[in-house]
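# could you look at this predicted model? Sequence included:
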Protein chains: 4
Amino acid sequence: MASELETAAPDIAAQLPEPQICRLTVSCPNKPGIVASITTALFGHGADVREAHHYCDSETGRLFVRITFSLSRAVELDTVRADFTPLAESRRMTWALGPADERKKVLILVSRFDHCLVDLLYRWRIGELAMEPVGILSNHPRETFADTDFGEIPFHFLPVTKSNKAVQEARIKALVTDTGADLVILARYMQILSDDLAAHLSGRCINIHHSFLPGFKGAKPYHQAHSRGVKLIGATAHYVTADLDEGPIIEQDVERVSHQDTPADLIRKGRDIERRVLARAVSFHLNGRAFLNGATTVVFGD
Amino acid sequence: MASELETAAPDIAAQLPEPQICRLTVSCPNKPGIVASITTALFGHGADVREAHHYCDSETGRLFVRITFSLSRAVELDTVRADFTPLAESRRMTWALGPADERKKVLILVSRFDHCLVDLLYRWRIGELAMEPVGILSNHPRETFADTDFGEIPFHFLPVTKSNKAVQEARIKALVTDTGADLVILARYMQILSDDLAAHLSGRCINIHHSFLPGFKGAKPYHQAHSRGVKLIGATAHYVTADLDEGPIIEQDVERVSHQDTPADLIRKGRDIERRVLARAVSFHLNGRAFLNGATTVVFGD
Amino acid sequence: MASELETAAPDIAAQLPEPQICRLTVSCPNKPGIVASITTALFGHGADVREAHHYCDSETGRLFVRITFSLSRAVELDTVRADFTPLAESRRMTWALGPADERKKVLILVSRFDHCLVDLLYRWRIGELAMEPVGILSNHPRETFADTDFGEIPFHFLPVTKSNKAVQEARIKALVTDTGADLVILARYMQILSDDLAAHLSGRCINIHHSFLPGFKGAKPYHQAHSRGVKLIGATAHYVTADLDEGPIIEQDVERVSHQDTPADLIRKGRDIERRVLARAVSFHLNGRAFLNGATTVVFGD
Amino acid sequence: MASELETAAPDIAAQLPEPQICRLTVSCPNKPGIVASITTALFGHGADVREAHHYCDSETGRLFVRITFSLSRAVELDTVRADFTPLAESRRMTWALGPADERKKVLILVSRFDHCLVDLLYRWRIGELAMEPVGILSNHPRETFADTDFGEIPFHFLPVTKSNKAVQEARIKALVTDTGADLVILARYMQILSDDLAAHLSGRCINIHHSFLPGFKGAKPYHQAHSRGVKLIGATAHYVTADLDEGPIIEQDVERVSHQDTPADLIRKGRDIERRVLARAVSFHLNGRAFLNGATTVVFGD
């Protein structure tokens, strides 16, 4: 990394051998010149851009920016943030500026099927996901996950019935607030969120579900898919909105199947895609790569 | 190939150095013992199985068989067929027995977009598709395809209007009959077939269309897909039934897209998938790998 | 399933509502008529073929057969085996005949990286892999896997040094014998097996390693791949032979990468492919779909 | 597009309803502040960034920039270029600034196999590739491509023998110069370029060849791949360097194969991947998405 430091402004860079790597993400109404303003503001602190994406959606008129930059350790991020705030406010930005390896707090919701949960926890343990699980919440009791080591992560059992749904959702809301969770992951949480909770979590809640080409409406989609001879089954991870299965899509993938696959086989293969797609979508969100953009998304892929 | 011949029954194999490679395909109601009967019948002529697939669908109760075998050139295929007929009839088989490289006659229907047509013709020219095009039919005139060399293949211009649709479909039917076409390929033929014609061509007509996860109903599906942020677009090739876009699926594939892709980009990428998926589906059919199985299919993949 | 039973020979089928589902796998020198002999032998016990694959490799002259069939529970599998034995011996078959859901005993070898081990154990727990782990063996101590619940599976710590390698390999051999392991899985076991041990385990030991297009020889392949700008990284699962990384290939897959991916990112993405490819290869082997065929394989895909 | 114009500086935007869409690409030694300088320079002309990628390679110390922006039609691109030149020179940039839909001149070299050529020409005809073919050159005569309509594109027959290779390469060089070709596409041109010619075309010549996991050295790679049981075959498109098959990789893809595929089948499937991968790589280059970066590349994917 020495070579880049040499090129930085001498008064800033000469003091410390290892710069800090930071990330700025911005979403705001577009106006010509914003990109220049942002990059100029960062350079005011000697920031050296490592990687940047800008995208302006002509339809929604919004601009999305993700910049990874190195910065002398002599510079306080709080100072950079303070200096950036007036620009951010004048352009009505939704923004975040912090260390690139900052861990976001996540709350994981799960029902009986634990393949996504187990996978997320494993990826977290080996340092693959920049997150800090602040809670696991299920409508099934702890015994359902007897084989899985939750370590220090608090577990919350919130069984849901028709009559207590509102109460339990209030508890979920409270838990999100109390834990300071930045992201809620529906890791195969088989409860339909109320419109109110979905709206409350808008843009900070990711869901995963199966997908097919073509789509199948109604019950037993894997059986329907089997009976039509589908050759690909897939999964879709999306931001939650009031309309649960129809939120803005973050990531999708498919797997090949054949006539030999029974509906049970399809479900099994579906599990594999679900956990893979959810992990990627969560990773995109944690790394500031995924933005909500009205009914759609902007994802600066890796 | 010598080694296999040595092992064949001596009275048959010793005479000719190169056996003929043949293929038997069967679809029939299942009964235990059919597979033994079929393979025994073939061995009665000294057939040496190269590759075989059997599949019994528990739901429809039907058995599907595809056997590729080598046979001494001293044996007449007509004799094998004649000997096989009583078994075939007693088991109510739909069956075909012929040289493995036999070319099927195909009639290609196309509208204005010629990417699938051009691709099929190219693959045919380089010997990749075991077919003999006996006609190209379009609701657009020959000039629409001015850049494409049709060689000796007859072209038929059948413009369709509301008032002449029945008449033109009658002509299509007649053309299928007159040319002896084994297969009709809807290579982006943007006319909806009547239920009558669709039923008439059932199991010998392949269509291609775009597909998404999830599916989008109604007009401008690529625009809908774009506005939801889909990350994969796909294509589905299927046997035609009365319900045009919902026939038994033969082949599917997808391509990755992003927020940068405009609806126009999606349509462009869609073309690539469409031609690839259609070519594979047609190839499966021509090679006796694809079977209609009620509302679904059996495809013995390559 | 009633419909198929009705069609079975009445004296066998009428007695029991649910047949047993069995599987026969055969590898032998090809001779015309073998397929007929096999299917006739099975039908002699009223077997109803559900799914069958036959493949004759013209180059090696070997035939490979996998048949799944239903059989009345009144029929003892031992009887079928006994009746099949003379045919099997006369044709010099390597064969197996048993319940389709039979679990094979597996011994898992692992070094420090546990992503494949964790994945295999999870899939086993949820019933996805038809195996019974009879041991986990590592050149690293139990603490390396502190986060992972091994349940009842015995763990064996066999550290390997230059001087004790022969001794430890003898212990591995003994362990394979003592546990009756049908399959040894090198789930990222970073020790090179001696030619002797590799030969001893030939055809019953599966290894996983990274792969690239093009391949890179020598140390730090991920760094080499990065420095050439590879856009795909992959993994290969293969049967072990004396030449460890060059055995007959069972399964492969790839993942897309870009210039943004550091060697560390490539390694992370590689883990995902490795565990997926290994799980599929193991599943193929457990389900009798994978056959060793000289330097290559025959895999009757799902 | 009206909404974006409204937000542009009024003195520039009010005059014309439709802005011009332009593209700037830059490759230069990195220095903090360059990104700010570039975006500020563009905004000086009222440019509105639509989409931008910046990437700094820590290893080579080079920065790569691709910016798509809209600009009032009242602004002359020549003026923007002139104003940008001092910055470009002071930072030693390799750069290009022009209309986003500008067509690059391409010279296509081909031998006997025409699948890539036919595919490129088709994509060009339907407007998918922003190029203008200024010549087709082959070591085989025009008759080899009798089925293909070259339209107005000049064809050059340059047969290569051991003795005339230097002469013919000189002619190729001259042709590149005379036609003003921006890009040379080796669309399955089976002649090894001399180091001199390869160096001469460095960074503006794209080649396509097959790839395998693992790689196979020596003759008949498809036969080698078959004999090892590979399950994926691939293709790699790369910038040409002196070492023909080992240049910096632009794009790769794979296709699934099985034991049933003969070497001839592999070659057939390989064709499909080759044409797809080459078309994508060429498209990346034409759209300013692909940059040479020492021995590797930077590709800002679509």
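Ah, there it is.
# going by C-alpha atoms from here, please, whenever you check contacts or count neighbours.
Fine.
# tell me the secondary structure for A:Pro86?
helix (DSSP: H, G, I helix; E, B strand; the rest coil).
# and A:Asp265, by the same measure?
A:Asp265 is classified as helix under three-state DSSP.
# gap between it and A:Asp272?
11 Å (CA to CA, to the nearest Å).
# mind checking the SS state of A:Ala170?
Per three-state DSSP, A:Ala170 ends up helix.
# and A:Ser227, what pLDDT?
With respect to pLDDT, A:Ser227 has a value of 87.
# just checking, it touches B:Asn293?
No - taking CA atoms under 8 Å as the definition, A:Ser227 is not a contact partner of B:Asn293, at 9.7 Å.
# quick check: phi and psi at A:Pro248.
phi -60, psi 130 (degrees, to the nearest 10).
# what is the neighbour count of the nearest residue to it once chain neighbours are set aside?
Nearest residue to A:Pro248, sequence neighbours excluded (CA to CA, 6 or more residues apart in numbering or on different chains): A:Thr296, at 4.5 Å. Look at A:Thr296: counted by other CA atoms under 10 Å in any protein chain shown, it has 22 neighbours.
# what score does A:Leu244 have for pLDDT?
In this model, A:Leu244 carries a pLDDT of 53.
# near chain C, which residues of the stretch 1-150 of chain A? Just list them.
A:128, A:147-149 (CA under 8 Å from any CA of the partner chain).
# check contacts around the residue nearest to A:Pro248.
A:Thr296 is in contact with A:247-249, B:226-229, counting by CA atoms under 8 Å, 6 or more residues apart in numbering or on different chains.
# same thing with A:Met131?
A:102-106, A:124, A:286.
# how near is it to chain D?
Between A:Met131 and chain D the computed distance is 25 Å (CA to the nearest CA, to the nearest Å).
# and if you look at A:Leu158?
Per CA to the nearest CA, A:Leu158 is found 44 Å from chain D.
# so A:Ile67 sits right up against A:Arg23, yeah?
Yes - applying CA under 8 Å, one finds A:Ile67 in contact with A:Arg23, separated by 5.6 Å.
# compare those two (neighbour count), which wins?
Per other CA under 10 Å, whichever of A:Ile67 and A:Arg23 has more neighbours is A:Ile67, with 26 against 22.
# thinking again about what came up before, and the furthest pair within the residues of the stretch 1-150 of chain A next to chain C?
Farthest pair in these (CA to CA) is A:Glu128 and A:Asp147. Separation: 21.7 Å.
# which stretches of chain A have low pLDDT?
Scanning chain A for pLDDT under 70 picks out A:1-17, A:243-245.
# change it to 80
Filtered on pLDDT under 80, chain A yields the residue ranges A:1-17, A:213-218, A:242-246, A:302.
# where do the helices sit along it?
A:2-7, A:10-13, A:34-43, A:77-90, A:115-125, A:165-179, A:195-200, A:221-228, A:263-286 (DSSP state H).
# columns distance to chain B and mean neighbour count on top of those helices, output as CSV?
Shown next, in CSV, are the helices of chain A (distance: least, CA to the nearest CA, whole Å; neighbours: other CA atoms under 10 Å in any protein chain shown):
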stretch, distance to chain B, mean neighbour count
helix A:2-7, 31, 16
helix A:10-13, 36, 15
helix A:34-43, 18, 21
helix A:77-90, 24, 14
helix A:115-125, 20, 20
helix A:165-179, 27, 15
helix A:195-200, 17, 16
helix A:221-228, 5, 20
helix A:263-286, 11, 21
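# separation between A:Gly301 and chain B?
The gap separating A:Gly301 from chain B is 8 Å, by CA to the nearest CA.
# once you drop chain neighbours, what's closest to that residue?
A:Arg289 (6.6 Å).
# list the contacts of A:Ser211.
A:233-236, B:213-214.
# just among those, which is most surrounded?
A:Thr236 (30 neighbours).
# burial count for the residue nearest to it when sequence neighbours are not counted?
Using CA to CA, 6+ apart and skipping the chain neighbours, the partner closest in space to A:Thr236 is A:Gln252 (4.5 Å). When counting by other CA under 10 Å, one arrives at 27 neighbours for A:Gln252.
# so what's whichever residue of the stretch 51-200 of chain A sits closest to chain B up against?
Residue nearest to chain B within the stretch 51-200 of chain A: A:Tyr55 (8.0 Å; CA to the nearest CA). Shown in contact with A:Tyr55 (CA under 8 Å, 6+ apart): A:63-65, D:49-52.
# if you set the cut-off to 10 Å instead, what comes out?
Neighbouring residues of A:Tyr55 by CA atoms under 10 Å, 6 or more residues apart in numbering or on different chains: A:27, A:30, A:62-66, A:298-300, B:259-260, D:49-53, D:67-68.
# same deal with A:Val110?
By CA under 10 Å, 6+ apart, the contact list for A:Val110 reads A:116-117, A:136-140, A:185-191.
# over to A:Gly288?
If you count contacts by CA under 10 Å, 6+ apart, A:Gly288 has them with A:23-26, A:65-68, A:96, A:100, A:282, A:299-300.
# cool, and A:Glu51?
With contact set as CA under 10 Å, 6+ apart, A:Glu51 has these partners: A:23, A:66-70, C:260, D:53-57, D:63-65.
# same question for A:Val299.
Residues in contact with A:Val299 (CA under 10 Å, 6+ apart) are A:53, A:55, A:64, A:249-251, A:281, A:284-285, A:288-293, B:229, B:231, B:258-260.
# tell me the most packed of the contacts of A:Glu51, by neighbour count.
D:Phe64 (29 neighbours).
# hang on, the earlier thing: of all the contacts of A:Glu51, which comes closest to A:Leu175?
Taking the contacts of A:Glu51 together and measuring to A:Leu175 by CA to CA, the closest member is A:Arg23, at 27.8 Å.
# do I have it right that that closest one meets A:His53?
No - using CA atoms under 10 Å, A:Arg23 is not in contact with A:His53; the gap is 11.5 Å.
# between these two, what contacts are shared?
A:66-68.
# disregarding flanking residues, what is the spatial nearest neighbour of the residue of the stretch 51-200 of chain A closest to chain B?
Closest residue to A:Tyr55 apart from its sequence neighbours, by CA to CA, 6+ apart: D:Glu51 at 4.4 Å.
# and the one you found, bridged to which residues?
D:Glu51 has these beta-bridge partners by DSSP bridges: A:Tyr55, D:Thr68.
# is stretch A:88-103 anywhere near chain D?
No - Stretch A:88-103 stays clear of chain D (CA under 10 Å from any CA of the partner chain), getting no nearer than 12.1 Å.
# can you flag which of the contacts of A:Val299 belong to strands?
A:53, A:55, A:64, A:249-251, A:290-293 (DSSP state E).
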